[in-house]
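Trainee: sharing a model prediction with you, sequence too.
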Amino acid sequence: MKQLLILVFLCGTTVFSQNKKHFIKITFNDGPLQGTHTFYPEKGNYMSQANLELFEGASNVNASKLMTADGFQIHYINRHFAGEASEGTHDTKKFTSGCGSLNFIDGNNSQPYKKIDGDFTGCSPTTITKVSAWKDGIVKKRRTVSGHFEDTIQLKIRNDDGSEKTVETTVKVEFTVNESRRK
């Protein structure tokens with residue numbers, strides 16, 4: 001019986017740790033989202049992902065539909081930097097109005113806002129701190145990439161009462177994401 005309990009504990013620990021392998025952690029210095037929020041892919045939701053993609057010489061850290069432990073959801077975030085993900089500092093690659101964006105949508109109507117759209121405007125460098133070895137899959141090879149950046153972000157907030165407000169703040173973003181490529 002004791003061995004069975006140990007086995008169940010180890011299996012549960014393994015499943016839980018695999019679920020928390022990829023994440024986006026954002027610390028807002030001030031504003032309506034002030035504080036640190038750690039977002040993980042939602043278990044059972046195939047659209048909830050944290051990834052890195054390489055396209056035409058630029059990398060894009062992106063995630064969609066990630067949740068905190070208390071149910072706070074980031075709808076989408078992306079950040080572009082020049083080159084392939086390798087350990088070290090990478091210059092930011094500008095796209096549209098900045099060098100990345102994020103947004104929050106209050107789907108359960110539990111926040112005072114309907115939507116928050118943000119653009120990273122400072123375009124500071126991104127630091128990649130760890131890159132795992134590629135692992136072969138049947139169709140794709142995969143690896144994990146970790147890093148961080150600090151930047152200025154402009155948030156456009158649309159409140160439940162219809163009012164709008166623009167806030168500029170600084171953020172620190174830490175990430176561990178999945179990168180995959182076709183063989």
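Mentor: That came through, no problem.
Trainee: per-residue confidence for the residue most central in space within the chain?
Mentor: By C-alpha atoms, centre = their mean, the chain has its centre lying nearest to I24, at 3.4 Å. Looking at I24, its pLDDT is 97.
Trainee: tell me which strands and helices the strand or helix carrying it is in contact with?
Mentor: Under the criterion of DSSP states H and E, I24 resides in strand 23-28. With contacts taken as 3 or more C-beta pairs under 8 Å, 6 or more residues apart in numbering; DSSP states H and E, strand 23-28 sits against strand 35-41, strand 58-67, strand 73-82, strand 164-182. Glycine gets a C-beta too; all of them are placed from N, C-alpha and C.
Trainee: quick one: strands adjacent to that strand?
Mentor: Using DSSP bridges, the strands paired with strand 23-28 are strand 35-41 (antiparallel), strand 164-182 (antiparallel).
Trainee: ok, and what's touching that strand?
Mentor: 33-40, 50, 63, 66, 74, 77, 102, 169, 171-177 (C-beta atoms under 8 Å, 6 or more residues apart in numbering).
Trainee: now which of those residues would you call buried?
Mentor: 33, 37-40, 50, 63, 66, 74, 77, 102, 169, 171, 173-177 (16 or more other C-beta atoms under 10 Å).
Trainee: so, low pLDDT: which residues of the protein?
Mentor: Residue ranges of the chain with pLDDT under 70: 1-19, 96.
Trainee: I'd like to know which of the strands paired with strand 23-28 lies nearest to A133.
Mentor: Of all the strands paired with strand 23-28, strand 164-182 sits nearest to A133, with 11.7 Å by C-beta to C-beta.
Trainee: re the thing from before, distance to L155 for the helices and strands packed on strand 23-28 - can I get that in CSV?
Mentor: Below are these laid out as CSV (distance: least, C-beta to C-beta, whole Å):
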stretch, distance to L155
strand 35-41, 14
strand 58-67, 18
strand 73-82, 13
strand 164-182, 5
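Trainee: what strands line up against the helix or strand hosting D119, and which way round?
Mentor: Secondary structure assignment for D119, by DSSP H and E: strand 113-120. The strands that strand 113-120 pairs with in its sheet are strand 100-105 (antiparallel), strand 140-159 (antiparallel) (by DSSP bridges).
Trainee: after that strand, heading C-terminal, what element do we hit next?
Mentor: Once the chain leaves strand 113-120, the next helix or strand it forms, by DSSP H and E, is strand 126-131.
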